[in-house]
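Asker: return atomic coordinates for the entry below.
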Amino acid sequence: MIVPLVVFGLYLAAIAVIAYVGARRTKTLADFIAASGQLGFWTYCLLMIGSVFSGMTLIGVAGLAFTTGWANVWERIIGPPFAIAFGTIIIGKKLFNLKSENGILTIQDYLAHRYDDPRVMRMLAGIISAITCFVYLIGQYTAIGVVSQIVLGIPYWAGAAIAAIIVVVYVMSGGMFSTAWTTFLQSLLMLLGIYLTVPIIISWVGGFEAMNQALVAMPEIQNATRGVAKDFLFAQYLSKPFAPANVPLAGWFYNLTLFGLTVPLGLMVAPHIVNNMLTFRKLSYTRWSPLVMYVVGFSAIMLTALAGMAARVAWARGMIEIPSLTLGAITVKWSDMAYPTIASKALPYWLFVLLLPTILAGVMSTTDRLILTAANNISYDVLRNAIGKKISDRTVKRVNMLIIPLIGFGSLVVALYPQQLLAWFVWAALSLMLNCFFFPIVLGLYWKKMSRNAARWSMVVGFVITITTFAVFGKTVFVAGIPSYSVLPGFIAALLTSLTISIIDGRS
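Answerer: Okay, here's the model as predicted:
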């Protein structure tokens, strides 16, 4: 136990030093919010990777792959890597000149400028952004709590609390510079951990070919060894690219609505991701950074998924036992334990102890960005610019010193009562981001007829319909008897609202 704690301590010390340097670099409000648009090529690339490859990637993706195998491979192909690569091309490139000419620091600045709506649009977008970031944060704390208990034996609540304290402190101290520079280190640690550990894990179950053969034979293996039904946890679809349309989660239509719409497009317009696109120094970065981000991102998320598949094979053969984590009346679904559990058996001890900072890095590199975005939504976008209070840059920073811990620790409290599968919480947050922001941002950039009223109502309708759908139907709605992810009604409603009102406004 001493060695993991020492590694943990060294990781925290390195983060503290980098955060301190970032804090000293932060002089102005523009520095705090967007690093004054001065991030270099590699800092920007790793900031984007770190902002989307989080606890969801290292815990949720492995858990999903444990559950559905290759049937959800589309999440790896057109998921987070697609979002940051094509988002930079489609959105970041368009925003570059606008940010310089108009002093744009946040996506709310852009929306207020594009729709000539400095109050209502800014307030609406700022409040919705803060809510969605808050929901997204809950999933990050869940991931670190799970890993802390498995790797260090630290209680779930303590691990999550430690991560919250660390992130809140350095975000308060240095804003975007501290966030970007610590994320640079954390992304490197996360990628190194994935690249080192997953090949060893796959080798431990017999290699890539043997693993895939076991996935094909999974119904018989798990029935003979574990005594569970042959169709338990999608066993008959683990070796296929998708299941029939009538199968939830693994079916092709569910794949389309979840991994064709929610994940790539939701991440692409997520406020913390779009705000990242306002931080890089040169327009030329948009030429090669998308390719770098996609290749690195795809390799990392695919390897993580392979670790989850290897864990499914190892579990079916009786090589590992994946525990559940009970928190009061809630039990965290054990598939989320897949990666750390198989790592504890397959890896040499010295490498296994590096798994904690690897996952910590993945979680915190997203958590810090979410907290900073949500805090700036309230202090900069709403209080200063939307309400119209003439408060100074110094006062905005002081307000952030109050808001950052409220958001960071408030979401921690909710995370103490987690979803049974981490991925579902993150996907719900992305559903809100997609249905509230996609059309006001993307149509605003590429369609001159997109009107102010259309943008306003698209956000409101998208938010209300999405929340209502999840509240009434849960995560699955049926279209002509075929299950689909619950993002679909809100997406259609937001699209129709954008088009209808824009056309009506254009005729008046």
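Asker: mind checking the end-to-end distance for stretch 201-209?
Answerer: With CA to CA, to the nearest Å as the measure, stretch 201-209 spans 13 Å from end to end.
Asker: and the strands in the stretch 301-450 of the chain?
Answerer: Per DSSP state E, counting those that start in this stretch, the stretch 301-450 of the chain carries strands over the ranges 325-327, 330-332.
Asker: worst average pLDDT in the ones you listed?
Answerer: Note on these: lowest mean pLDDT is at strand 330-332, with a mean of 52.
Asker: show me what contacts the residue nearest to Ile441 when sequence neighbours are not counted?
Answerer: Ranked by CB to CB, 6 or more residues apart in numbering and with sequence neighbours excluded, the top spatial neighbour of Ile441 is Val269, at 5.1 Å. (C-beta placed from N, C-alpha, C; glycine too.) For Val269, the contacting residues are Gly87, Ile91, Met433, Leu434, Phe437, Phe438, Ile441, Val442, by CB atoms under 8 Å, 6 or more residues apart in numbering.
Asker: need the buried ones from the residues you listed selected in PyMOL.
Answerer: To isolate the buried subset of the contacts of Val269 in PyMOL, counting by 16 or more other CB atoms under 10 Å, use the following:
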select buried, resi 87+91+433+434+437+438+441+442
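Asker: point to the residue nearest the middle of this protein.
Answerer: Closest to where the C-alpha atoms of the chain average out (CA atoms, centre = their mean) is Val52, at 4.4 Å.
Asker: and the pLDDT at the closest residue in space to that residue that isn't next to it in sequence?
Answerer: Here the nearest residue to Val52 in space, its sequence neighbours aside, is Pro80; by CB to CB, 6+ apart that works out to 4.2 Å. According to the predicted model, the pLDDT of Pro80 comes to 90.
Asker: likewise Gln419?
Answerer: What the model reports as pLDDT for Gln419 is 55.
Asker: then Ile15?
Answerer: Ile15 is assigned 73 on the pLDDT scale.
Asker: just Leu499 next, same as before
Answerer: Reading off the per-residue confidence, Leu499 sits at a pLDDT of 97.
Asker: what distance do you get for it to Leu434?
Answerer: Counting by CB to CB, to the nearest Å, the gap between Leu499 and Leu434 amounts to 16 Å.
Asker: and for Arg122?
Answerer: The separation that Arg122 has from Leu434, given CB to CB, amounts to 20 Å.
Asker: next secondary structure after the top helix by length along the chain?
Answerer: Once the chain is assigned using DSSP state H, the helix that runs over the most residues is helix 156-204. Proceeding C-terminally, helix 156-204 gives way to helix 208-216 as the next helix or strand, assigned by DSSP states H and E.
Asker: tell me which helix or strand comes right after that following helix.
Answerer: Toward the C-terminus from helix 208-216 - assigned by DSSP H and E - lies helix 218-226.
Asker: give the buried residues for that next one.
Answerer: Residues of helix 218-226 classed as buried under the neighbour-count rule (16+ other CB under 10 Å) are Met218, Pro219, Ile221, Gln222, Asn223.
Asker: output the contacting helices and strands for that helix.
Answerer: Other elements packing on helix 218-226 under the criterion 3 or more CB pairs under 8 Å, 6 or more residues apart in numbering; DSSP states H and E are helix 285-316.
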